[in-house]
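Visitor: my questions concern the predicted model and sequence given below.
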Amino acid sequence: MPRRRSRIVPTAARGDLADSLSALRAELGLPESFPPAVQAEADLAAQSVPVEPAASTLADLRHIEFLTIDPAGSTDLDQALHLERTATGAVLHYAIADVAAYVVPEGAMDAEARTRGQTMYAPDGRIPLHPAVLSEGAASLLPGHDRRAFVWRFVLDEGARPVETTLTRAVVRSRAQWSYVDAQAAVDAGTAPYSLTALPWFGAERAARESERGGASLNIPETRVVREPGGYRLERSDGVPLEDWNAHVSLLTGMAAAEIMLAGRIGILRTMPPAAAEDIEEFRTQTVALGLPWLERQPYGDYLRDLPRTPAARAVREHAGGLFRGAGYVTFDGEVPEQTVQSAIGAAYAHTTAPLRRLVDRWVLVICEALANGREVPAWARGSLAELPALMTRSSQRASQLNAGALDRVEAAVLHGREGEEFEGLVLARRGDGARVQLRRPPVEAKVKGLDDVAPGTIVRLRLVRTSIADGTASFTPVVS
């Protein structure tokens, strides 16, 4: 698993970084805590909502050996899976935290969650969607504890296609919490439990199905801010294969949720329009210029999946990201919308697997469970459905601003004190009066003027001129050889 690490934020910059991150939160109007009424409602729910199975309401699925797979250190665990191969394919159980059981519709916690929209992640701590007593406690699918969950059950054929789907509210108990890195190591060593050992088959088959329906996965390495004793550092990682396999579990579930809601003619989808013809042609021209031509008859997703790990291919993926634009939410009640497909996935799709961290998933789960079992959709969900697109759009904008602003500030702090030094970088794309460049070490991305004639995919040398931790900027100038 290739990783690029930077040095830790220098001691002299840590105080300025803390002040800058705090100022960013204030600028975006992010809350520091929950109002007393919200916290009190969450405390009461954590203590009073029953978790014991009851024949009339909750199925007892504690015998199923669920496990969770998340980034190391996670405590807000939305999903737990159990995957077992059969003679004709497999059976997948996917448990999703039953947040709806704890949130009173139109109560204090519901109102606050609608204001927040989603959990926000920052280097100096997250801003959760729900109080920690629920998101990291009573509603989280922590190992060794009985928890309420919406459990999807998929009977899969040998191609990992669902041939039977059910959705049940139940009580589950996860057996183990795995990090991606540890789970991958166990799979590679042959010591993993059978749910993990079946994931390579599942991931490969679902990737093949993605290719058939014209979907595509970019898999661009991301720069992460890692908090550790003494400060922060930057890490750029390609991840591990298991992350993609596990992502296909969520994708399968989201597509199943969309199918249920479309059949029931009520719900909310995550949509994205297809790429414009002129954008596709521009992208194809760029691939030729970079020496990695996208052939006319080759499916788009297959082309991206087969790209090598080279500087030119990194630039191709950067350009490919420009085709994935216009994602949004569309609600419907009675009339199915004209646009139902999420074009990057190549199918109708809904957000449904992260209710602890994303507002819309609570609605999708409640609606799907009612439709799947022949019951009326709860009035609170139906009546408030139309509000969700605006709420999610607003929160997504704030999350993007927080992520970008925080990363810029940590990058500036990591570079602080190195003014005058030279760095090697890869030109990703030309933008307006400059170029976007990814430094090799530390893994910082910068906009640099004076590279108008340099083609994407080119390795360049830059000199750091100045840094500002307060506004998260770092200025470079090209080094002329």
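Guide: Yep, it's here.

Visitor: where in the stretch 1-150 of the chain is pLDDT low?
Guide: 1-8, 11-12, 55-56 (pLDDT under 70).

Visitor: show me where it has its helices.
Guide: All helices of the stretch 1-150 of the chain, identified by DSSP state H, counting those that start in this stretch, fall at 11-27, 36-48, 108-116, 132-133.

Visitor: highest mean neighbour count out of those?
Guide: Greatest average neighbour count among these goes to helix 108-116 (a mean of 19), per mean count of other Cβ atoms under 10 Å. (C-beta placed from N, C-alpha, C; glycine too.)

Visitor: which parts of the longest strand along the chain are buried?
Guide: Looking across the chain with DSSP state E, the single longest strand is strand 162-179. Residues of strand 162-179 classed as buried by neighbour count (16 or more other Cβ atoms under 10 Å): 162, 165, 167-174, 176-179.

Visitor: just the closest of these to I69, please.
Guide: W178 (4.9 Å; Cβ to Cβ).

Visitor: dihedrals phi and psi, A198?
Guide: Dihedral pair for A198: phi -80, psi -10, per degrees, to the nearest 10.

Visitor: which ones are touching it?
Guide: Contacts for A198 (Cβ atoms under 8 Å, 6 or more residues apart in numbering) come out as 83-85, 90.

Visitor: and for V444?
Guide: 6, 223, 234, 411, 414-415, 438, 474.

Visitor: the same query, at a cut-off of 7 Å, please.
Guide: 234, 411, 414-415, 474 (Cβ atoms under 7 Å, 6 or more residues apart in numbering).

Visitor: just T458 next, same as before
Guide: V427 are the contacts of T458 under Cβ under 7 Å, 6+ apart.

Visitor: what's the span of stretch 289-296 from first residue to last?
Guide: This stretch, stretch 289-296, spans 15 Å end to end (Cα to Cα, to the nearest Å).

Visitor: same question for stretch 181-201.
Guide: 18 Å.

Visitor: pretty sure V316 sits against L292.
Guide: Yes: judged on Cβ atoms under 7 Å, V316 makes contact with L292 at a distance of 5.5 Å.

Visitor: between those two, tell me which one has more neighbours.
Guide: Neighbours were counted for V316 and for L292 using other Cβ atoms under 10 Å; V316 has more, 27 against 18.

Visitor: look up phi and psi at the more buried one.
Guide: Per degrees, to the nearest 10, the backbone of V316 is at phi -60, psi -50.

Visitor: helix or strand: which one has W152?
Guide: strand 146-156 (DSSP states H and E).

Visitor: pairing partners for that strand, with directions?
Guide: When pairing is defined by DSSP bridges, strand 146-156 lines up against strand 89-97 (antiparallel), strand 162-179 (antiparallel).

Visitor: out of those strands, which is closest to Y121?
Guide: Short answer: strand 162-179, nearest of the strands paired with strand 146-156 by Cβ to Cβ, at 16.8 Å.

Visitor: tell me the helix or strand right after the closest one.
Guide: Next in line after strand 162-179, if elements are assigned by DSSP H and E, sits helix 180-189.

Visitor: show me just the buried residues among the contacts of A198.
Guide: By 16+ other Cβ under 10 Å, these give 83, 85, 90 as buried.

Visitor: which SS state does A381 fall under?
Guide: What DSSP: H, G, I helix; E, B strand; the rest coil gives for A381 is helix.

Visitor: contacting residues for it?
Guide: 363, 366-367.

Visitor: ok so, going back, columns pLDDT and distance to V155 on top of the buried residues of strand 162-179, output as a markdown table?
Guide: Below are those laid out as a markdown table (pLDDT from 0 to 100; distance: Cβ to Cβ, whole Å):
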| residue | pLDDT | distance to V155 |
| --- | --- | --- |
| P162 | 98 | 7 |
| T165 | 98 | 8 |
| L167 | 98 | 13 |
| T168 | 97 | 14 |
| R169 | 97 | 19 |
| A170 | 97 | 17 |
| V171 | 97 | 22 |
| V172 | 98 | 19 |
| R173 | 98 | 23 |
| S174 | 98 | 22 |
| A176 | 98 | 24 |
| Q177 | 98 | 27 |
| W178 | 98 | 25 |
| S179 | 97 | 29 |
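
Visitor: where along the stretch 351-481 of the chain do the helices fall?
Guide: Going by DSSP H, counting those that start in this stretch, the stretch 351-481 of the chain shows helices at 360-372, 379-384, 388-415.

Visitor: adding mean pLDDT, write those out as TSV.
Guide: Compiled in TSV, these are given as follows (pLDDT from 0 to 100):
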stretch	mean pLDDT
helix 360-372	98
helix 379-384	97
helix 388-415	95
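
Visitor: ranking those helices by burial, who's on top?
Guide: helix 360-372 (a mean of 24).

Visitor: just the CA atoms of that one, as CSV, please.
Guide: Provided in CSV are the C-alpha atoms of helix 360-372 (Å, rounded to 0.1, in the frame of the first residue of the first chain):
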residue,chain,number,x,y,z
VAL,A,360,-30.8,11.7,4.3
ASP,A,361,-30.0,8.1,5.0
ARG,A,362,-32.4,8.0,7.9
TRP,A,363,-35.3,8.8,5.5
VAL,A,364,-34.2,6.3,2.9
LEU,A,365,-34.0,3.5,5.4
VAL,A,366,-37.4,4.2,7.0
ILE,A,367,-39.0,4.5,3.5
CYS,A,368,-37.4,1.4,2.2
GLU,A,369,-38.3,-0.7,5.2
ALA,A,370,-41.9,0.3,5.0
LEU,A,371,-42.1,-0.4,1.2
ALA,A,372,-40.3,-3.7,1.4
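
Visitor: now that helix: how far from the chain's centre is it?
Guide: 20 Å (Cα atoms, centre = their mean, to the nearest Å).

Visitor: outside of it, which residues touch it?
Guide: 96, 99-100, 103, 150, 166-167, 169, 257, 260-261, 264, 266-268, 329, 350-355, 376-378, 381, 385, 388, 392.

Visitor: could you give the angle of it to helix 108-116?
Guide: 120 degrees (axes from the mean of the first three to the mean of the last three Cα atoms, to 10 degrees).

Visitor: thinking again about what came up before, what's the overlap in contacts for V316 and L292?
Guide: Contacts common to V316 and L292, judged by Cβ under 7 Å, 6+ apart, are L307.

Visitor: mind listing what's buried in stretch 150-162?
Guide: 150-156, 160, 162.

Visitor: so how far is V99 from L356?
Guide: 6 Å (Cβ to Cβ, to the nearest Å).

Visitor: what's the overlap in contacts for the two?
Guide: Going by Cβ under 7 Å, 6+ apart, residues that sit against L356 and also against V99 are 130, 139.

Visitor: the two - which one has more neighbours?
Guide: When L356 and V99 are compared for neighbours, V99 comes out ahead with 29 against 24, by other Cβ under 10 Å.

Visitor: report pLDDT for the closest residue to that one other than its chain neighbours.
Guide: Take V99 and drop its neighbours on the chain: the residue closest to it by Cβ to Cβ, 6 or more residues apart in numbering is P355, 4.1 Å away. Listed pLDDT for P355 reads 98.
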